[in-house]
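Student: Sequence and computational prediction follow.
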Amino acid sequence: MILFYMMIFAFVGAFLIYFAGKSFPRIKEILAVVISFLLFLFVALLYGKDFQINYHNFLGFHLFLRINMFSWLFALTITFLGFLSIIFSLSYMKDKKNNAFYYMNMLFVNIAMLGIVLAGDLISFFIFWEIMSWSTFLLISYKKGSALPASMKYIIMSIIGSLSMLIGILYLYDLTDTTIISQLSHIIRFINKGDVIFVVILFSIAFGIKNAVIPFHNWLPPAHSEAPSPFSAILSGILIKMGVYGFLLLFYVIIGLDIIFHLTGLTIVLNVLAAITIIFPTFLAILQNDAKRLLAWSTVAQAGYIFMGITYGTELSVAGGIFHFLNHAIFKALMFLAVGAIEYRTKGIRDLNSLGGFIKKMPFTFAAMLIGAMGLIGLPLTNGFVSKWLIYKTLILNGSPFLAFAALIGTWGTILYSYKLIHNIFLGQLPAKFENIQKAPFSMKMPMMILSTIIIFFGILPGIPLQFINKIIVSFGYHPLNVSLFGIVSDSGNLNIINILAATFVIGVLIVLFFRSGRKSVRVDQYDNYAAGSFIPKEKYSYTNSFYAPLDRFLNSFLKDYIDIFYCKSAALIRHFCNGIRKIYTGYVGSYVMYILLFLAVLIFVQLNWSVF
Amino acid sequence: MDRNQIGKWLRSPQKMSNKYSLHAVYFCTGCGIIEIPPSITTRWDAERFGIIPAPNPRQANLFLITGYVSLKTLKAIIRTYEQMLEPKYTVGFGSCPINGGMYWDSYNTIKKLDKYIPIDGWIAGCMPRPEAIFVAVTHLWTLIEKDMATGYIKYRKNYKQYRANQEKIYGSLDWPPLYK
Amino acid sequence: MNILLMILSAIISLVTGMFFLGLARKIMAMIHWRYGPPIYQPLIDVIRYFHQRAVSHGFIFDLGIIISLIGSLLVVFFLPLGNISSFSNSGGLLVILYILILSPLGLALSSGESANPNASIGISRKLILTLSYEFVLIIILLSLMSQYQTISLQEIVMLQARKVWSFASWKLILPGIAYLLILPAMLGFRPFEIAGASQEISAGPSVEFGGKYLALNTINHGLLHFITIALFVNLFLGGGDLFGIFDSISGTFWGSFVSLIIFLIKMILIFVISVFINAVFPRLRLEQATKYILYYPLSIAIVGLIIVVAIN
């Protein structure tokens, strides 16, 4: 019952924050931090447990909560990131009004996601899914203004997804007479394949919308860029990964390995979708000029990598997909938090063209952003490298070079937009109006520091998270990977981080020594700079506007978010159509009488001619 | 490489490398620049001696001022000279930087360049032939070898005086003083 | 033993890289009908840079250039040089592809902090150009990896020595040609000398580099020449193999020595060809260069990949 009490405690705590926050302003922040930390602690203590409990019966449905390695890893990530982003919110939300509401919703989202990964049956899963969707909606629309259309887009997509999932659950219930996940996985093999494909499609719409797989991605960029930054971190880090969890649950737990990869054409379609989801958002991200929007598109692309990993279906790829989920949660949260710190200090400027040179003023944030970007690119010695390596390797060796091409070229696009982000915010000339920018406060630095440490730690010792992931993929029915502390051993090419680390260290020390043995350099400021003999003007003299101008010109001519345009066009069309229909309600009684008479006349005509009734 | 130079290389690699790797900023102020293309291309091939044009002052150590120096270009010359990295050598090319040359009575031409930046050597003539550049370079080598090409040290030592001279023309300069 | 090999390969790559820089200048001079500098001129330059008093724009300005050099040297250890390979068994070509990123990224960070617009323009051009040739390079590497069914570069070299060089096998000739076509772009030679255009944007990324920064940058430049060509020789020209003539002494010290010499000779041949191309072409604009790369080499490479996939 401990799971049940934990959820009850969390929900009560969330409400408590709201009501306590009304009367005692300071206590809500302390409560939020304490509750989220306790949740993290609870979940961490549940390591290695494997059980399920029947906490409630409702209309003949047995509702279950369960925990095993699979849900533990997700639950730990959720509570951990939730805790960090609530700490980050302390200064970010300080001057905002109505922040008791914010903290309550923040906890709601976390608890709902916790509920999703702990749910042992599909009804609880659906309920928690809905709580998550709605509290997310409230948080995205928190800033009002331009956030409202973004949240509207989100909630419409989300409702479509939930409805399709509800249909899927009911259909499955109709076929199998149960909604309990552990029972479903036994019964599912007796269902014929057509029904399974139908259920997979219904669920895939729901999970695909959350995971922002093309063609369901269009809610993500506006939602991520308009939400408050600490929540963007959660949104990008874990909330969209609920889609990943859903896919994993559906494919590997409910349906199972033996059936899902024998459904003809399904994996090919999903893989191609994943490849498209990698390439197009990557190049769209290069075109963005809003820091958070750029990161949002990058999230879509990275979600494509995860999706590619989990739908390709070899043990390396699934392990890589889950590992990339974990890594992406960490580094993308870090990057959103770093951008949030900039946004906080510049009073809301996210436009990449008007920033620059912040490395001199906010060096810590720069370091965090750099480490996050290195993880995002997947440079060796950061965590993103190992997960991407796993995915690439399996794609190449299992004969899918075109999918591997999509994944690899996505990485190069990642370099372009990550560098643009870093350059336009932190490098280049510091505009004179930002001369007095302060460093980020400690409550912002602390989460960034923890996340950066984890990126390096997992990058050097990928064996530790891969041990957990190994247990997960074994529970899915795969062979375990041959994991050592520093890498992966296999007969078709090993990975050994310790070699790279040792070599980097030795070379680094030698080069630094060599470098230091030269004459000591003189520190100059940004105005002592080569400008063909003239003095650098104090105003903007920096190349940030359309940083990749030739590429922008080239891409802008054909690369647009066509799917979003299509959705918006069809929404406009429907509105137009409905407006037309509304015209028949003239408000004049005579016309309504005429409609009734006309209808009767049609009925009589039909009856006379074909005698239907 | 001559065999008798190996000892010198081992004794003072800094001096020898300064000698044989002169990357030049050609400051195209006047007609003197017309002599530079033949000297760096096929006819005289300055690269034999390690002299190549550098793309910017940070990478150069030889400053060739080729022609008259107007008030406006002097500012750029000072800026460029200050941005070059030490050790750096300056050579005035043609008679105009020496004493104004044919612009001796012009109102907006600098007559004595070495009042504003230190000059390590002059190439007199109007115009000097490209061979003169090589003669100048060999002289510069001798100066470097004997530690006599010390314009940049002079500039650092007497910076106040140089700065005062510069400010006498412009009133105030845009950039802060190079040395305290 | 491994550490000795690492030191050896580092020295070989550094010396060869500097030699390449000197060779390029000498050949260019000879094509210009000049006498040209001595072949060790880049070394003199580096010594001179190293003794100059540089300016620094901040911490990342120092760190970036060091990262860049670390990245380049690290790649060398993953490349088999003849029979010498320090740790080519630690992730293979994928790791090489990733570590190759380090070098431009470090340079980009370093020159980004110098706050010079010329540097930013240079980096922007460099990254776009790299993106466009990376399309081709990735396809080439994928066709090789699919053909040989391994991601280890060492094994690709060994399989070539056992059968036939990739460049001579009809399945892989198209990727080889595509690699040759993008080779000048990878080396930063004309007609693709867009990023470091010295007359146009004052040497681009290295505009604020002077003194020891420029020294490290020059060494790095030489290393990048070395890496790019070594990768080509390993992938397509069989590494240190010469039609199996020296198979009888392979494994011995002399075998390694001979294979290293053969490897270096192959590299010099390829390099000289690239310098010839460099000498006769003017510089393209960025749009033209990207368009060229995305039309010809890319289509050749894609056809090559399709052939490889279709046959397997």
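Tutor: Yes, it's here.
Student: Show me where chain C dips below the pLDDT cut-off.
Tutor: For chain C, applying pLDDT under 70 flags the ranges C:1, C:86-91, C:244-251.
Student: What helix or strand is the spatially most central residue of it located in?
Tutor: Central residue of chain C (CA atoms, centre = their mean): residue C:228, 2.0 Å from the mean position. Element membership for residue C:228 (DSSP states H and E) is helix C:212-236.
Student: How about residue A:76?
Tutor: helix A:69-92.
Student: So is the helix holding residue C:228 next to chain A?
Tutor: Yes. Applying CB under 8 Å from any CB of the partner chain, one finds helix C:212-236 touching chain A at C:212-213, C:215-216. Quick note: C-beta positions are derived from backbone N, CA and C, even for glycine.
Student: closest to chain B among those?
Tutor: Closest approach to chain B among the residues of helix C:212-236 next to chain A (CB to the nearest CB): residue C:213, at 8.8 Å.
Student: and that closest one, how far is that from residue C:219?
Tutor: Residue C:213 is 11 Å from residue C:219, where distance means CB to CB, to the nearest Å.
Student: Which one of these two is surrounded by more residues?
Tutor: residue C:213 (31 against 25; other CB atoms under 10 Å in any protein chain shown).
Student: Was I right to think the more buried one contacts residue C:52?
Tutor: No. Counting by CB atoms under 8 Å, residue C:213 stays clear of residue C:52, with 9.8 Å between them.
Student: Residue numbers of the stretch 1-150 of chain A in contact with chain B?
Tutor: By the rule CB under 8 Å from any CB, no part of the stretch 1-150 of chain A lies against chain B.
Student: which residue ranges form the strands in the stretch 1-150 of chain A?
Tutor: Remark: strands assigned in the stretch 1-150 of chain A by DSSP state E, counting those that start in this stretch are A:51-58, A:61-67.
Student: Those strands: lowest mean pLDDT?
Tutor: Across the strands of the stretch 1-150 of chain A, strand A:51-58 has the smallest mean pLDDT, namely a mean of 77.
Student: so what's the closest residue to residue A:106 other than its chain neighbours up against?
Tutor: Spatial nearest neighbour of residue A:106, chain neighbours left out: residue A:86 (6.1 Å); criterion: CB to CB, 6 or more residues apart in numbering or on different chains. Residues in contact with residue A:86 (CB atoms under 8 Å, 6 or more residues apart in numbering or on different chains) are A:32-33, A:36, A:103, A:106-107, A:230.
Student: right, and out of the residues you listed, which lies closest to chain B?
Tutor: The closest of the contacts of residue A:86, once distances to chain B are taken by CB to the nearest CB, is residue A:230, at 41.6 Å.
Student: hang on, that closest one packs against residue A:92?
Tutor: Yes. At 5.6 Å, residue A:230 counts as touching residue A:92 under the criterion of CB under 8 Å.
Student: Name the residues contacting each of these two.
Tutor: Shared contacts of residue A:230 and residue A:92 (CB under 8 Å, 6+ apart): residue A:340.
Student: Please say which of these two ends up with more neighbours.
Tutor: Ranked by neighbour count (other CB under 10 Å), residue A:230 and residue A:92 place residue A:230 first, with 30 against 24.
Student: Just the buried positions in stretch B:139-151, please.
Tutor: Going by neighbour count (16 or more other CB atoms under 10 Å in any protein chain shown), the buried part of stretch B:139-151 is B:139-141, B:143-144, B:149-151.
Student: Relative to chain A, which residue of chain B is the closest?
Tutor: Proximity of chain B to chain A (CB to the nearest CB) peaks at residue B:76, 3.1 Å away.
Student: Now that residue: closest residue in space, sequence neighbours ignored.
Tutor: If the residues on either side of it in the chain are set aside, residue B:76 comes closest to residue A:533, at 3.1 Å by CB to CB, 6+ apart.
Student: thinking again about what came up before, mind putting the strands of the stretch 1-150 of chain A into JSON lines with mean neighbour count and distance to residue B:162?
Tutor: Formatted as JSON lines, the strands of the stretch 1-150 of chain A follow (neighbours: other CB atoms under 10 Å in any protein chain shown; distance: least, CB to CB, whole Å):
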{"stretch": "strand A:51-58", "mean neighbour count": "14", "distance to residue B:162": "83"}
{"stretch": "strand A:61-67", "mean neighbour count": "21", "distance to residue B:162": "77"}
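Student: re the thing from before, per-residue confidence for the residue of chain B closest to chain A?
Tutor: The confidence metric pLDDT takes the value 87 at residue B:76.
Student: repeat for residue B:155
Tutor: Residue B:155 is assigned 88 on the pLDDT scale.
Student: Sketch out the low-pLDDT regions of chain B for me.
Tutor: Filtered on pLDDT under 70, chain B yields the residue ranges B:1.
Student: Tell me the helices and strands packed up against the helix ranked longest in chain B.
Tutor: Using DSSP state H to define each element, chain B has its longest helix at helix B:130-145. Secondary-structure packing of helix B:130-145 (3 or more CB pairs under 8 Å, 6 or more residues apart in numbering or on different chains; DSSP states H and E): helix B:13-20, helix B:36-40, strand B:89-93, strand B:121-123.
Student: Tell me which of the ones you listed sits nearest to chain C.
Tutor: Each of these has some distance to chain C by CB to the nearest CB; the shortest is helix B:13-20, at 3.8 Å.
Student: ok, and what's touching the very next helix or strand once past the closest one?
Tutor: Using DSSP H and E, the helix or strand that follows helix B:13-20 in sequence is strand B:23-27. With CB under 8 Å, 6+ apart as the test, strand B:23-27 has contacts from B:33, B:36, B:51-54, B:56-57, B:59-66, B:73, B:76-77, B:80, B:84, C:45.
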